[in-house]
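*Asks:* only the shape, not the letters, is given here:
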Ligand SMILES: Cc1ncc(C[n+]2csc(CCOP(=O)(O)OP(=O)(O)O)c2C)c(N)n1
């Protein structure tokens, strides 16, 4: 006898060819669609510049968002100011909308901790230790619930990260305590060189939520409309006290894992070619063009504006005075051990003080 059954829904509005899979959500107007398109282009322009900066030695390691723009952009667009973002390292699209300048993100990847000191003081900084952000998010959500605030927490992770114990612990406590948190999984099919198929044998990542006692669903993560709409639904649910949701956004990492990776060594070329046909910008452009909302001239103007915008951020980044080299030790102890004092003296004497 069957004592429980579960189902995982899949949501899509915009198909890769730019036609609709279902009627658009009523709360997304043409102006919203144009803004989402602009934001995705801006993010792609930023991504490209960051990669170029790294290649000429002006940036440390950088994790790209190519092909995954709809997730960060759709997510950020759906959030309210009072919500809290606990990101991983591919969420610049959301961070930017929440007040984090692109030059701050460059500063972070340039190895300068001050890049995490941004204006939006309630959001968390970029998180690289995989899945640690998931448990942090449940802590923030616990505080929000305790204070009886109408806010929600959004936290992100890659599909590979969902194999971590921390992730399962976070799901469990979110379900048990009915926390106002939305877990977003960027399922970009690869965890560095480990493919989705090698990673886990679950049919969907979304179903991991079932083990935590709440709903999980899939969205077409290359459809910014679907991401935005399903995020809005999940966020409303969280804010009104109806608990957590897991959203698995299906996408593809068109770039290398980071600038320290060469995906051509493990990623089948045919798979990459196929994935380019489904990327998020083309389909929205096709839709907007069919609605007479977009044309070549507008596209060219937008690209120019994006480049000019990002140029300004790059300029700011490249002109930031480096932090004093003594910052490495200055904030570690109230009273320095003797050995550290010696190291500090050496740093002052020989330490590098600029980017070279
Ligand atoms: C706890 C921990 N273990 C290992 C790593 C090294 N690491 C960095 S990214 C990564 C793969 C992550 O893949 P996935 O979660 O699918 O996210 P993606 O980078 O593909 O977006 C690994 C193993 C890390 N940062 N943290």
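*Replies:* Happy to help now that I have it. Worth saying up front: this structure is predicted, and the values here are computed from it rather than measured.
*Asks:* just the buried positions in the helix or strand that residue 70 is a member of, please.
*Replies:* Assigned by DSSP states H and E, residue 70 belongs to helix 69-78. Neighbour-count burial for helix 69-78 flags 69, 70, 71, 72, 73, 74, 75, 76, 77, 78 (criterion: 16 or more other Cβ atoms under 10 Å). For every residue, glycine as well, the C-beta is placed using N, CA and C.
*Asks:* let me know whether the second one touches residue 280 as I believe.
*Replies:* Yes. Distance between residue 70 and residue 280: 3.8 Å, which falls inside the contact criterion (Cβ atoms under 8 Å).
*Asks:* let me know how buried the closest residue to residue 125 other than its chain neighbours is, in neighbour terms.
*Replies:* Once flanking residues are discounted, residue 125 sits nearest to residue 116: 3.6 Å by Cβ to Cβ, 6 or more residues apart in numbering. Residue 116 is flanked by 14 other residues according to other Cβ atoms under 10 Å.
*Asks:* look up how far residue 14 lies from residue 116.
*Replies:* Note on residue 116: its distance to residue 14, by Cβ to Cβ, to the nearest Å, is 34 Å.
*Asks:* same question, residue 273
*Replies:* To residue 14, residue 273 is 21 Å away according to Cβ to Cβ.
*Asks:* neighbour count winner among those two?
*Replies:* Ranked by neighbour count (other Cβ under 10 Å), residue 273 and residue 14 place residue 14 first, with 24 against 9.
*Asks:* how about the residue nearest to that one when sequence neighbours are not counted, what does it touch?
*Replies:* Of all residues not flanking residue 14 in the chain, residue 223 sits nearest, at 4.6 Å (Cβ to Cβ, 6+ apart). Counting by Cβ atoms under 8 Å, 6 or more residues apart in numbering, residue 223 touches 12, 13, 14, 70, 280, 283.
*Asks:* coming back round to it: could you point out which element follows the helix holding residue 70?
*Replies:* Next element after helix 69-78 (DSSP H and E): strand 84-86.
*Asks:* next one: that following strand to chain centre, how far?
*Replies:* The chain centre lies 11 Å from the centre of strand 84-86; the measure is Cα atoms, centre = their mean, to the nearest Å.
*Asks:* ok so, going back, which among the buried residues of helix 69-78 gets closest to residue 303?
*Replies:* Proximity of these to residue 303 (Cβ to Cβ) peaks at residue 69, which lies at 14.5 Å.
*Asks:* what sits against residue 278?
*Replies:* 16, 222, 252.
*Asks:* show me which residues of the chain are close to the ligand?
*Replies:* Within reach of the ligand by Cβ under 6 Å from any ligand atom, the chain has these residues: 90, 128-130, 158-161, 186, 188, 190-192, 253, 257.
*Asks:* by contact count, what packs against the helix holding residue 70?
*Replies:* On a contact count with 3 or more Cβ pairs under 8 Å, 6 or more residues apart in numbering; DSSP states H and E, helix 69-78 meets helix 30-55, helix 92-97, strand 153-158, strand 181-187, helix 224-239, helix 280-290.
*Asks:* got the angle between it and helix 30-55?
*Replies:* Using axes from the mean of the first three to the mean of the last three Cα atoms, to 10 degrees, the direction of helix 69-78 lies 130 degrees away from that of helix 30-55.
*Asks:* sorry, back to before: thinking the residue nearest to residue 125 is in contact with residue 126, fair?
*Replies:* Yes. Applying Cβ under 8 Å, one finds residue 116 in contact with residue 126, separated by 6.9 Å.
*Asks:* intersection of neighbour lists for those two?
*Replies:* Residues within reach of residue 116 and of residue 126 at once, by Cβ under 8 Å, 6+ apart, are residue 108.
*Asks:* between residue 70 and residue 280, which contacts overlap?
*Replies:* In contact with both residue 70 and residue 280: 40, 221, 222, 223, 224, 251, using Cβ under 8 Å, 6+ apart.
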